[in-house]
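>>> Fold the following for me, if possible:
(chains A, B, C and D)
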Protein chains: 2
Amino acid sequence: MGEIRSGRLAVGERMPGELELVERHGVSRHTVRESLRVLEELGLIDRHQGLGTVVRSRNSSPSYVQVVKSPGELMQYPADSRLSVVETEDIKASRQLARQLQCRSGSLWTRIGAVRKLKDSGLPICWSNIFVLPEYAAVASKIGRSRRPVYEIIERSFDEQISSVEIDIQAGLVSEEVAGILEVEPGSPSLTLIRRYLGKGNRQFEVSLSEHPAERFNYSLKLTRGWQSGGGWSQG
Amino acid sequence: MGEIRSGRLAVGERMPGELELVERHGVSRHTVRESLRVLEELGLIDRHQGLGTVVRSRNSSPSYVQVVKSPGELMQYPADSRLSVVETEDIKASRQLARQLQCRSGSLWTRIGAVRKLKDSGLPICWSNIFVLPEYAAVASKIGRSRRPVYEIIERSFDEQISSVEIDIQAGLVSEEVAGILEVEPGSPSLTLIRRYLGKGNRQFEVSLSEHPAERFNYSLKLTRGWQSGGGWSQG
DNA sequence: TTTTGGGATTTGTCCGTACAAATGCTATCT
DNA sequence: AGATAGCATTTGTACGGACAAATCCCAAAA
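Residues are numbered from 1 along each chain as shown, chains lettered A, B, ... in the order given. Predicted coordinates for the structure are as follows:
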């Protein structure tokens, strides 16, 4: 019933209108519309009132997805570890820092220097430079009071909601500055994570630069095979 | 219009039938059915012909997803780089190696040692120990002949299909053994990726241990907010 | 020449009808 | 008591109709 095929049309081309498909296939408009709805949900077509239906893609594609319940899961720190603030300051991003933060040179941030330690042993597992928008500077006083990640404290304290997270992972050597805080030798290997949190309007509201002694932290991810169907996804 | 709420019913309970909802809300059956279809696609209800509609869940949950078209995108190497085989051998996994490969101690693998270099300058960007099942050992002769990743060569050459990929990321220092091949000082920082590829029946068929000089490689990922809807996902 | 308004076309929303398929319950038969 | 058939209920599929909203094109007016 109403087997609609877009195989003969190029991507970007206009499909026959609903009423033409009704005539052509000898089915009701209801049936045509139902078939088109499925195709749209599969991401194969775009439908526009007044304009018509355009081919978007010839086939739906398999993909691979990693899914986490919350960005907090991305941090992968032990539950019995705590972040405590060491220092804060208001800064203007230098060109070099702007490159790391992926923001405009000269833009204003509040920097919060903090160390994360295991609760029982006091072993430090990371040193973080957390940059937040100045309008969120008050978050500094709440860090360490709860186990919530910083971004989440911001979400709850201000009118903000995460839309995406970007993470860069690099290897390096612990500098003299940070070696004492982390209780390691300067020059020992470290894993650095730069996490950029984007909120409403895709505005970047927090960037965390976290350096971890190599033997105290590593990072894992898992992706499973899934299928894209027009703005939606199914896991295989 | 046909605002259907399942808030008052427990999971597992039967919802009012379509015709009852028609009466109750004073809309047509078409409208009721459309609303129920959306709820079903969100995974909140299960509908059964002759039986009725059952509540499956109270809410759909937000999540965060990273989506890539193929596991090849995960490798993040420059397009103009090539992998070339240096050595291969059949091995039995020691206890230490088994821990890294996450396989049984004593299990058999074919190890393929290979270096990845930039094509033009010949600059080495990574040293890989690639472990494949012995039945896939013949893949070694195909590496370097095409730009396809190893797992994909295996997929195409044998009856295998990826179901998931697991990646561990660690920092360390380049050893004497590998320093010459990578043309860096021993003890300089490196980023190591352990990639485990699982195929049919979730059987692990390839594990790659790849070590990169820190300044020649880093790793990025991006997750965006999405919604789970009963076996499917939508990006926010 | 540019702008505006009207008409044609197309998809979107909601109404109604009819019949089929699936499920469960009850009554009757063996 | 167990099996079978019929009926009621419920969802599934497809038909048709009417009107609204969005888009584009063309002709007329400024």
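>>> And the spatially closest residue to A:Ala79 that is not a sequence neighbour, how close does it get to A:Asp80?
In space, and not counting its chain neighbours, A:Ala79 is closest to A:Arg147: 7.5 Å by C-beta to C-beta, 6 or more residues apart in numbering or on different chains. Backbone N, C-alpha and C define where each C-beta goes, glycine included. With distances defined as C-beta to C-beta, to the nearest Å, the gap from A:Arg147 to A:Asp80 amounts to 9 Å.
>>> who has more neighbours, the two?
Using other C-beta atoms under 10 Å in any protein chain shown as the criterion, A:Arg147 and A:Asp80 rank with A:Arg147 on top: 14 against 11.
>>> What are the phi and psi values at the residue nearest to A:Ala79?
phi -90, psi 0 (degrees, to the nearest 10).
>>> Surely it and A:Arg82 touch.
Yes. Using C-beta atoms under 8 Å, A:Arg147 is in contact with A:Arg82, at 7.4 Å.
>>> A:Glu23 belongs to a helix?
Yes. According to DSSP: H, G, I helix; E, B strand; the rest coil, A:Glu23 belongs to a helix.
>>> pLDDT weak spots in chain A?
By pLDDT under 70, the weakly predicted segments of chain A are A:1-8, A:58-65, A:67, A:69-71, A:225-236.
>>> Any residues of it in contact with DNA strand D? List them.
Residues of chain A lying near DNA strand D by C-beta under 7 Å from any atom of the strand: A:1-2, A:26-31, A:34, A:48-51.
>>> Same list (those) but as TSV, adding secondary structure and neighbour count.
Below are the residues of chain A next to DNA strand D laid out as TSV (DSSP: H, G, I helix; E, B strand; the rest coil; neighbours: other C-beta atoms under 10 Å in any protein chain shown):
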residue	secondary structure	neighbour count
A:Met1	coil	10
A:Gly2	coil	18
A:Gly26	coil	9
A:Val27	coil	17
A:Ser28	coil	12
A:Arg29	helix	12
A:His30	helix	11
A:Thr31	helix	16
A:Glu34	helix	15
A:His48	strand	9
A:Gln49	coil	5
A:Gly50	coil	4
A:Leu51	coil	10
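>>> which one of those residues is nearest DNA strand D?
Looking at those and their distance to DNA strand D, the nearest is A:Gly50, at 2.1 Å (C-beta to the nearest atom of the strand).
>>> List phi and psi for the closest one.
Per degrees, to the nearest 10, the residue geometry at A:Gly50, taken as phi and psi, is phi 90, psi -20.
>>> quick revisit: near DNA strand C too, which of the residues of chain A next to DNA strand D?
Within the set of those, contact with DNA strand C (C-beta under 7 Å from any atom of the strand) is found for A:His30, A:His48, A:Gln49, A:Gly50, A:Leu51.
>>> and the two most separated of those residues?
For those, the maximum inter-member distance is 21.2 Å, found between A:His30 and A:Leu51 (C-beta to C-beta).
>>> and which of the ones next to DNA strand C among the residues of chain A next to DNA strand D is nearest B:Ala171?
Closest approach to B:Ala171 among these (C-beta to C-beta): A:His48, at 50.3 Å.
>>> Report the contact partners of that closest one.
When contacts are counted by C-beta atoms under 8 Å, 6 or more residues apart in numbering or on different chains, A:His48 is found next to A:Val54.
>>> Could you measure from it over to A:Leu9?
Distance of A:His48 to A:Leu9, given as C-beta to C-beta: 16 Å.
>>> now the helices for chain A?
Applying DSSP state H to chain A gives helices spanning A:18-25, A:29-41, A:95-101, A:150-157, A:176-182.
>>> C-alpha coordinates for the third one, CSV please?
This points to helix A:95-101. As requested, the backbone C-alpha atoms of helix A:95-101 are provided in CSV (Å, rounded to 0.1, in the frame of the first residue of the first chain):
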residue,chain,number,x,y,z
ARG,A,95,45.6,35.0,23.1
GLN,A,96,47.1,31.7,24.3
LEU,A,97,44.4,31.0,26.9
ALA,A,98,41.7,32.0,24.4
ARG,A,99,43.0,29.3,22.1
GLN,A,100,42.6,26.7,24.8
LEU,A,101,39.2,28.0,26.0
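>>> Show me what that helix packs onto, helices and strands only.
Identification of packing neighbours for helix A:95-101 by 3 or more C-beta pairs under 8 Å, 6 or more residues apart in numbering or on different chains; DSSP states H and E yields strand A:204-213.
>>> rerun at 10 Å
Judged by 3 or more C-beta pairs under 10 Å, 6 or more residues apart in numbering or on different chains; DSSP states H and E, the packing partners of helix A:95-101 are strand A:108-118, strand A:124-132, strand A:189-198, strand A:204-213.
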